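J.: this one's structure only:
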């Protein structure tokens, strides 16, 4: 099942639950616009044409919003699914924006920094008429970052002939970026987990957490939870996992990752590991996916999509899964978790901190009012706690799990906007 088919499976369940008409369900099934271009650029000194996409999905609630990814596997199906999920995500947290997503199909690891800048400018040159603060507001995604957004903003403003800082978010601070955007996805996940635990009347101190993925989001969420008194019992990167019921200090592993090494290298040099240190700290080393099924209270998938399959879901020991990654659970895995009574805080809520703070940056760019980090985090906390309350309430009312309740909430909000526009 590809990403868009998985999205459609969620829409089907919402359609049945809410008894939507064909006209209503169509709003959730079809994007407003699919833009496909060929970018003529130089990569590795060779002239090539790179496929580029931008999909815009429902602007009933506001301008389209979503990232641009540079990846060799980026294709139209993936971009379409991610745009649809962005529309849902924005509606779940109640920000007045729709869904958008863009992609360029190439391997950025094989391109020079100058070539990446050239590709960034080419993307804007091809797509600029569809972008703008009131139209479509891109942001960083896989293998794009603040620097890429800065280059894209520069190209857009050259074409436009005037300043337009609210056209892109996730920008460098020097170009109107916002403090806290770098930690927003993880911080949003922490706030929604805390809201869940508060509702369940569970203490946070000493609660065991395993984090699958130790990139920016995974490392940051591990650090934030550690600082709040949670016990980090497992972490994993692409090279392997480190697990200890005694608890781990994320800072130790972040330091070694910053030196371009794996988390396992805290204990090993090549194939030789310090058995004394491992034993003293109660550490077990394993494969990356071992973290998914370890003994823990909270599991946070923060890396790849599709890692929680039906087989993995049948072995998960955590009581709650917080999806910091996009689409970490397959449709079959989701059904298995539901069958086993394991709570899942879905990606459309758990990782919505990123787009929420991007929305704050968009407001900042339009008003000129600069926000401080503590103001950003306090506003983010309010949004995430309110969104959790809304999702939880619908789950109770309809007797459904949190993913379906989040989709129900988003669907109701998107359809209401359509009705208020006289379109339904």
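T.: Thanks, I have the structure now. All values reported here derive from a predicted model rather than from experimental measurement.
J.: Let's see the distance spanning stretch 294-310 from one end to the other.
T.: 16 Å (Cα to Cα, to the nearest Å).
J.: tell me which residues in it are buried?
T.: For stretch 294-310, the neighbour count (16 or more other Cβ atoms under 10 Å) marks 294, 296-303, 305-310 as buried. In short, each C-beta sits where N, CA and C put it, glycine included.
J.: How about stretch 124-141?
T.: 124, 126, 127, 128, 131, 136, 137, 138, 139, 140, 141.
J.: and which of the buried residues of stretch 294-310 is nearest to residue 273?
T.: residue 294 (18.7 Å; Cβ to Cβ).
J.: Give me the subset of the buried residues of stretch 294-310 lying in helices.
T.: Of those, the ones assigned to helices by DSSP state H are residue 310.
J.: Just the closest of the buried residues of stretch 294-310 to residue 38, please.
T.: Minimum distance to residue 38 across those is 26.6 Å, recorded for residue 305 (Cβ to Cβ).
J.: what's that closest one sitting at in phi/psi?
T.: phi -80, psi 160 (degrees, to the nearest 10).
J.: Check the one 10 residues further on too.
T.: Backbone torsions of residue 315, given as degrees, to the nearest 10, read phi -110, psi -10.
J.: cool, the one 3 residues further on as well?
T.: Here is the backbone geometry of residue 318 (degrees, to the nearest 10): phi -60, psi 150.
J.: Surely it is in contact with residue 342?
T.: Yes: judged on Cβ atoms under 8 Å, residue 318 makes contact with residue 342 at a distance of 6.8 Å.
J.: neighbour-wise, which of the two wins?
T.: Between residue 318 and residue 342, counting by other Cβ atoms under 10 Å, residue 318 is the more crowded of the two (22 against 17).
J.: ok, so of the buried residues of stretch 294-310, who is nearest residue 88?
T.: The shortest approach to residue 88 among the buried residues of stretch 294-310 belongs to residue 305, at 15.6 Å (Cβ to Cβ).
J.: residues touching the closest one, list them.
T.: 3, 325, 326, 327, 328 (Cβ atoms under 8 Å, 6 or more residues apart in numbering).
J.: same thing but 7 Å
T.: 325, 326, 327, 328 (Cβ atoms under 7 Å, 6 or more residues apart in numbering).
J.: now those residues in a markdown table, with neighbour count and secondary structure?
T.: A markdown table is the format used below for these (neighbours: other Cβ atoms under 10 Å; DSSP: H, G, I helix; E, B strand; the rest coil):
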| residue | neighbour count | secondary structure |
| --- | --- | --- |
| 325 | 25 | coil |
| 326 | 20 | coil |
| 327 | 23 | coil |
| 328 | 29 | coil |
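J.: Just say helix, strand or coil for residue 144.
T.: Three-state call for residue 144 (DSSP: H, G, I helix; E, B strand; the rest coil): coil.
J.: quick one: the strands in the stretch 1-150 of the chain?
T.: 33-43, 46-57, 64-70, 98-104, 136-140 (DSSP state E, counting those that start in this stretch).
J.: next one: the stretch 251-400 of the chain
T.: Secondary structure of the stretch 251-400 of the chain (DSSP E, counting those that start in this stretch): strands located at 268-269, 272-273, 284-286, 298-301, 320-322, 343-345.
J.: With residue 48 as the reference, name the closest of the ones you listed.
T.: Set against residue 48 and scored by Cβ to Cβ, the strands of the stretch 251-400 of the chain come closest in strand 298-301, at 34.4 Å.
J.: quick check: mean pLDDT across the closest one?
T.: Throughout strand 298-301, pLDDT has a mean value of 99.
J.: just stretch 153-166 next, same as before
T.: 98.
J.: tell me the contacts of the closest residue to residue 99 other than its chain neighbours?
T.: In space, and not counting its chain neighbours, residue 99 is closest to residue 87: 2.9 Å by Cβ to Cβ, 6 or more residues apart in numbering. Residues in contact with residue 87 (Cβ under 7 Å, 6+ apart) are 57, 58, 98, 99, 414.
J.: top of those by neighbour count?
T.: residue 99 (30 neighbours).
J.: Return the member of the contacts of residue 87 nearest to residue 363.
T.: residue 98 (16.1 Å).
J.: Would you mind measuring from the residue nearest to that closest one when sequence neighbours are not counted to residue 422?
T.: Using Cβ to Cβ, 6+ apart and skipping residues adjacent in sequence, the residue nearest residue 98 is residue 59, 4.1 Å away. From residue 59 across to residue 422, the span is 15 Å (Cβ to Cβ, to the nearest Å).
J.: more neighbours, the two?
T.: Neighbours per residue, other Cβ under 10 Å: of residue 59 and residue 422, the larger number sits with residue 59, 20 against 6.
J.: The more buried one reaches residue 32, doesn't it?
T.: Yes: counting by Cβ atoms under 7 Å, residue 59 sits close enough to residue 32 to count as a contact (6.3 Å).
J.: So which bits of the helix ranked longest in the chain are buried?
T.: When the chain is scanned for its longest helix (criterion: DSSP H), the result is helix 373-398. Buried residues in helix 373-398, defined by neighbour count with 16+ other Cβ under 10 Å: 376-377, 379-381, 383-385, 387-388, 390-392, 394-395.
J.: Can you tell me what sits against stretch 41-49?
T.: Here stretch 41-49 has contacts from 38, 39, 40, 50, 106, 110, 111, 115, 118, 119, 122, using Cβ under 7 Å, 6+ apart.
J.: Show me just the buried residues among these.
T.: The buried subset of the contacts of stretch 41-49 (16+ other Cβ under 10 Å) comprises 39, 50, 106, 111, 115, 118, 119, 122.
J.: Give me the pLDDT for residue 278.
T.: 96.
J.: What of residue 212?
T.: 98.
J.: same question, the one 5 residues further on
T.: Each residue has a pLDDT score; the one for residue 217 is 94.
J.: So the protein: which segments form each domain?
T.: Here the domain parsing of the chain from automatic domain parsing is 28-164, 184-345.
J.: Which one of those domains lies nearest to residue 370?
T.: Ranking those by proximity to residue 370 (Cβ to Cβ) places domain 28-164 first, at 15.4 Å.
J.: need the contact list for the residue lying farthest from the centre of the chain.
T.: For the chain, the largest distance from the centre (Cα atoms, centre = their mean) belongs to residue 276, which lies 38.5 Å off. If you count contacts by Cβ under 7 Å, 6+ apart, residue 276 has none.
J.: what's residue 132 in contact with, if anything?
T.: residue 167.
J.: typo on my end, residue 83
T.: If you count contacts by Cβ under 7 Å, 6+ apart, residue 83 has them with 31, 55, 56, 57, 66, 99, 100, 101.
J.: Wait, the fourth one touches residue 32, no?
T.: This means residue 57. Yes: assessed by Cβ under 7 Å, residue 57 is found in contact with residue 32 at 6.4 Å.
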